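S.K.: next comes the sequence, and after it the predicted model I'd like to discuss.
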Amino acid sequence: MKILGISGSPRKEQQSGVYKLVSTVLENSGCDWELISLRGRSIAGCIACLGCVKDNVCKVEDDCRWLRDKIVAADAYVIGAPNYYSGINALTHAFLERWFQFRHQEGNTLWGKLGVAVGVGGSSGKMPADDIEKFFLYNFIETVAKVAGQGSASCFTCGFGETCKVGLPIMLYGEGVRITPEMIPAVSRQPAVMQAAADAGQLLGQRLRQGHDRARVTEKMKQTMMAKLKESA
Ligand SMILES: Cc1cc2nc3c(=O)[nH]c(=O)nc-3n(C[C@H](O)[C@H](O)[C@H](O)COP(=O)(O)O)c2cc1C
């Protein structure tokens with residue numbers, strides 16, 4: 001059983017809360033896994049050219065090309081994104097839009113697979129995790145767990161945090177704030193969040209080792225999707 005992990009943060013691995021949480025989920029799964037960061041990758045959003053409708057293969061030539069094989073080969077996904085403007089960031093959104101290529105005709109490449117959705121935000125990671133769950137659902141992938149944490153907003157490290165009137169440090173702590181390392185949120189110092197990531201990894205591993213029935217999961221997710229569509233009609 002192979003899990004593909006994707007960190008959608010454009011930050012360096014050591015600075016990224018998303019990368020930390022996605023790797024924690026993977027490390028606790030007990031399965032084979034690979035973690036790919038989208039940092040520095042060239043991935044554009046879907047251009048609706050419909051080049052994929054006959055064979056479920058996207059024809060746009062960028063980094064999504066080689067990633068496609070890894071997406072197809074994986075039994076499950078751990079996908080994480082930072083919160084940008086109360087939702088998933090553009091890089092991860094572009095990457096997930098390109099999964100449109102798998103959705104045509106009898107293209108069941110992803111149907112019934114399992115996923116964990118990870119979100120990190122300066123205040124909350126819930127919204128990006130919810131967004132990823134929504135993308136999973138469109139491909140009939142079951143989200144077995146969601147993990148959300150608080151990461152470091154750039155204002156703490158941009159160099160102007162103690163004086164910038166619209167930066168988070170002054171907004172949170174007031175004028176005259178002195179930024180200390182302990183003040184800067186880090187997922188690794190949030191025991192409940194780290195535990196949730198470890199638990200999500202263990203649950204995903206268990207579900208995969210039980211030999212989950214993809215047809216049954218597909219049916220369940222189809223019904224969930226239909227209910228959501230009716231709800232929003
Ligand atoms: C352009 C931009 C917009 C952001 N918008 C939000 C936001 O709306 N809500 C929030 O909680 N954090 C917001 N943040 C803060 C990031 O979510 C935060 O820095 C998080 O730690 C990023 O994850 P990473 O450490 O994995 O890169 C924003 C950051 C940037 C760069």
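M.R.: That came through, no problem. Numbers count the residues shown, from 1 in each chain.
S.K.: what about residue 81, is that helix, strand or coil?
M.R.: Local secondary structure at residue 81 is given as strand here, using DSSP: H, G, I helix; E, B strand; the rest coil.
S.K.: number of nearby residues for it?
M.R.: For residue 81, the number of neighbouring residues by other Cβ atoms under 10 Å comes to 33. C-beta here means a position set from N, CA and C on the backbone, and glycine is covered the same way.
S.K.: contact partners for residue 96?
M.R.: By Cβ atoms under 8 Å, 6 or more residues apart in numbering, the contact set of residue 96 is 79, 88, 132, 135.
S.K.: next step: those residues restricted to helices.
M.R.: By the criterion of DSSP state H, membership of the contacts of residue 96 in helices covers 132, 135.
S.K.: pull up the residues of the protein that are close to the ligand.
M.R.: 9, 11, 16-18, 82-86, 120-124, 151-154 (Cβ under 6 Å from any ligand atom).
S.K.: how far out from the middle of the chain is the helix or strand containing residue 231?
M.R.: Taking DSSP states H and E as the definition, residue 231 sits inside helix 214-232. Between the centre of helix 214-232 and the centre of its host chain there is 21 Å, according to Cα atoms, centre = their mean, to the nearest Å.
S.K.: show me which residues of that helix are buried.
M.R.: Residues 214, 217, 218, 221 are the ones in helix 214-232 that count as buried (16 or more other Cβ atoms under 10 Å).
S.K.: what residues are up against the closest residue to the ligand within the chain?
M.R.: Using Cβ to the nearest ligand atom, the closest approach of the chain to the ligand is made by residue 151 at 2.2 Å. Residues near residue 151 by Cβ under 8 Å, 6+ apart: 16, 17, 18, 82, 120, 121, 122, 125, 185, 186, 187.
S.K.: okay, domains of the protein per the record?
M.R.: 2-151+186-232, 153-184 (automatic domain parsing).
S.K.: and the last one, end to end?
M.R.: Translated: domain 153-184. 8 Å (Cα to Cα, to the nearest Å).
S.K.: now do residue 175, the pLDDT please.
M.R.: At residue 175, the model reports a pLDDT of 95.
S.K.: what's in contact with the lowest-mean-pLDDT helix or strand in the chain?
M.R.: The element with the least model confidence among the helices and strands of the chain, by mean pLDDT, DSSP states H and E, is helix 168-173, at a mean of 91. Applying Cβ under 8 Å, 6+ apart, the set of residues contacting helix 168-173 from outside is 122, 153, 155, 156, 161, 162, 163, 164, 177, 179, 183.
S.K.: what about it, distance to the chain center?
M.R.: Centroid separation for helix 168-173 versus its chain: 28 Å, with Cα atoms, centre = their mean.
S.K.: just checking, next helix/strand downstream of it?
M.R.: Next along from helix 168-173, by DSSP H and E: helix 191-209.
S.K.: can you state the direction angle for that next one and helix 214-232?
M.R.: 130 degrees (axes from the mean of the first three to the mean of the last three Cα atoms, to 10 degrees).
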